[in-house]
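>>> structure for the following, please:
(one chain, ligands or ions: 1)
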Amino acid sequence: MGSSFPKNIISGACVDLSFEGKGVFKGEGQTVFVEGMFVGEEGEVQIAYKRNGALFGNIKKLHKVSPNRIQPRCKICHACGGCCFQQLDYQSQLAFKSEKVREQFRRLAKMKAEVAPCVGMDDPYFYRNKIQMPFAKDDRGNVYCGFYKSSTHVIVPVEECYIEDRRSQPILSACKKLFKSMRIEPYNEDSHSGILRHVLIKTSYYKPEIMVVIVTAVDSFPGRNNFVKALLKECPEITTVIQNINPRSTSVILGEKERILYGKGYIEDSLCGVGFQISAKSFYQTNPVMTEKLYEYAMKAARLSGEEIVFDAYSGIGTIGLIAAKGAKQVISVEIVKQAVHDGIRNAKRNGISNFLMYCDDASSFMVKMAEKGEAVDVLFMDPPRKGADERFLKATLKLRPKRIVYVSCDPSTLARDVAYLGKAYQIDAIQPFDMFPQTFHVETVVALSLR
Ligand code: SAH
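Down below sits the predicted model:
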C-alpha cells in the first residue's frame, strides 16, 4: 500500500477531532484522520489506507502530547478501536460531544439554539448491558471471540472489556472453553463449515437476570442440551439461553428463527420505576444508568398534564410510551420489530397500564395514515435509528401538528437535518446531549421542540 503514496510518514499536528472522534492531522500539505490522536498533539503519522478519497493513518511518534491524554485502562484499546476515547480524560470527552452536537446544528440546521453541556456518568466504565461477539478459531484450534476491528471483518480477540457489564466476560470465557471441549465449531464464512457465529449476552441492571443467545448458521446444533447443562453449571447466574439461527451472510447478527433452550426466553429489567421484559431481538438502550437520566429529561420536556394524547414513534419495547402513560390520557406507540411489539404489549399488561396501544408498523406509514385521518396528537416522542426520520414521517408530523415534540437521537447529523425540517413550524426549546456511550465518540441527544 505504501507505494501508492508519495510519502508514507508525515510530520504535522492534530488540529481538530472529526465527527467520528478521529484526530484531524495536518502536515506537509496533507490531511490524515488518525484514531487516538488529540487536538494540540504534534508528531509523525504513518499513512495506513485511503478510503473515499480520505487518508487514514496511525501515530508513529508523538513529539508533543495533549495535556488531556490519559493512560487507557484497556490494553487492546488501539487494536480494537471500539473505545479509543479511553485515552482522553472524561471531561474532554464530554466537551467533545457537546461541541459536535453544536457544530451539526450550526452546519445543518442553521437554527438558533443553545446546546447544553453533555450530561456524563459518575463512573463511565462497565456500563453496557448488551454484548455481542463473533467467534473464530485460530491456527492452533483454539476458539476465540472478540470485536470486529472498525470497518473490517477482522476479529480482535478480547479477554476483558472495560465498558461492558462485568458479568459478561466470565460467561464468554466459559463459552470459549465449552465450545472447544465439546467441539462446537465456529462458522467459517468461506468454507461454510462449522455452526457457531456469535454469542450475545444481555444483562439486567435491576434484576439478577442474564440472557445468553447462541447464534448459529444452521438449525442443527448437535449436543445443545449438554452444552446448556455445562454452561449453567459453570455460570449459574444465567437465567435464560436461546439458540438463534442466522443462515444469511449479512452484517445483521440475529436471524428470524429462535429456539428457547433454557428459561423463559427473555429477561426483565426496569427503567424509571416501570418493569420491562426484553427479548433477544428487541431493542433496549444499552446504558441503563444514563437511559434513566435521559428518559427523566424527556418526560420533563414533554410537560405532560394527564390530558395529552401521546404518540411514541420508534418505540422499541414501549419504554418511553409506558413511562409517559401515567402522565398522559392516552399513549399510542409504533415499532417495526414484531418481537419488540409483543414485548411492549406484555409490558403494558405487567405494569397494569391500560391507556396504551401499540402497533407493529413502519413509523412513517403509520404517521401518514394518522395525518390522513386527521387524528389529534398533543405530544410526539420520536427515537429513530441512526438514519433519522424520513420526509414522509416529517411531512406527516407537520400535518398532525403536535404541540410538543421530544426527539431522541443517537446521531447528531440526522437529528440536526430533521430538526431543520421541522423548523418550519417548530421552535427549539432545548438541546441536551447525554453520554450514553462513554469511551466512544457516540453521543445521544434530546431535543425539545414546541409549535410556534
Ligand atoms: N424508543 C426505544 C427504541 C429506540 S431505537 C427505546 O428508547 O428503547 C429505534 C427503534 O426503532 C428500534 O426498536 C427499531 O426496531 C425501530 N425502527 C427502526 N426502523 C423503524 C421504522 N421504519 N418504523 C418503526 N420502527 C422502526
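>>> residues from the protein in reach of the ligand?
Taking C-beta under 6 Å from any ligand atom, the part of the chain that reaches the ligand is made up of 283-285, 314-316, 319-320, 334-337, 340, 362-363, 383, 385. Yep, even glycine has a C-beta here, placed from its N, CA and C like the rest.
>>> in strands, which of the residues you listed appear?
With DSSP state E as the criterion, strands contain 334, 335 from among these.
>>> mind giving me the PyMOL select for the residues of the chain next to the ligand, buried ones only?
Selecting the buried subset of the residues of the chain next to the ligand in PyMOL, with 16 or more other C-beta atoms under 10 Å as the burial test, is done by:
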select buried, resi 283+284+285+314+315+316+319+320+334+335+336+337+340+363+383
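>>> the residues of the chain next to the ligand in helices, which ones?
Judged by DSSP state H, the subset of the residues of the chain next to the ligand located in helices is 319, 320, 340, 363.
>>> might you report the residue contacts of the residue lying closest to the third one once chain neighbours are set aside?
Taking C-beta to C-beta, 6 or more residues apart in numbering as the measure, residue 340 lies nearest to residue 282, with 4.0 Å between them; neighbours along the chain are not counted. By C-beta atoms under 8 Å, 6 or more residues apart in numbering, residue 282 lies in contact with 316, 317, 337, 339, 340, 343.
>>> for the residues you listed, which one is nearest the ligand?
Set against the ligand, the nearest of those by C-beta to the nearest ligand atom is residue 316 (3.0 Å).
>>> find the nearest non-adjacent residue to that closest one, please.
With C-beta to C-beta, 6+ apart as the criterion, residue 316 has its nearest non-adjacent residue at 4.3 Å, and that residue is residue 283.
>>> and residue 223, how many neighbours?
Residue crowding around residue 223 was assessed by other C-beta atoms under 10 Å; the count is 13.
>>> typo on my end, residue 184
Residue crowding around residue 184 was assessed by other C-beta under 10 Å; the count is 21.
>>> that one and residue 177 touch, don't they?
No - Residue 184 is beyond contact range of residue 177, at 11.0 Å (criterion: C-beta atoms under 8 Å).
>>> buried set for the worst-scoring helix or strand of the chain on mean pLDDT?
Across the helices and strands of the chain, mean confidence by mean pLDDT, DSSP states H and E is lowest for helix 77-80: a mean of 85. Neighbour-count burial for helix 77-80, counted by 16+ other C-beta under 10 Å, picks out 77, 78, 80.
>>> follow-up on the earlier one: okay, the residue nearest to residue 340: pLDDT?
The model reports residue 282 with a pLDDT of 95.
>>> please apply the same query to residue 117.
The confidence metric pLDDT takes the value 98 at residue 117.
>>> tell me the spacing between it and residue 103.
Residue 117 sits at a distance of 15 Å from residue 103 (criterion: C-beta to C-beta, to the nearest Å).
>>> so who does the residue nearest in space to the middle of the chain touch?
In the chain, the C-alpha closest to the average C-alpha coordinate belongs to residue 286, at a distance of 6.5 Å (C-alpha atoms, centre = their mean). Taking C-beta under 8 Å, 6+ apart as the definition of contact, the neighbours of residue 286 are 127, 128, 129, 130, 436, 437.
>>> among these, which ones are in strands?
Cross-referencing the contacts of residue 286 with the strands (criterion: DSSP E) gives residue 130 as the overlap.
>>> ok, the contacts of residue 286 vs residue 189, which is closest?
Distance ranking of the contacts of residue 286 against residue 189, using C-beta to C-beta, places residue 130 first at 23.4 Å.
>>> contacting residues around the closest one?
Residues near residue 130 by C-beta under 8 Å, 6+ apart: 200, 201, 202, 203, 284, 286.
>>> let me know the pLDDT of the last one.
Read that as residue 286. We have a pLDDT of 97 for residue 286.
>>> gap between it and residue 19?
20 Å.
>>> give me the residue from the stretch 151-300 of the chain nearest the ligand.
Closest residue of the stretch 151-300 of the chain to the ligand, C-beta to the nearest ligand atom: residue 283 (3.4 Å).
>>> hey, where'd the strands end up in the stretch 201-350 of the chain?
If DSSP state E, counting those that start in this stretch is used as the criterion, the strands of the stretch 201-350 of the chain fall at 210-216, 240-245, 257-262, 266-271, 274-279, 309-313, 330-335.
>>> cool, the stretch 51-200 of the chain as well?
54-64, 130-137, 143-148, 155-157, 196-203.
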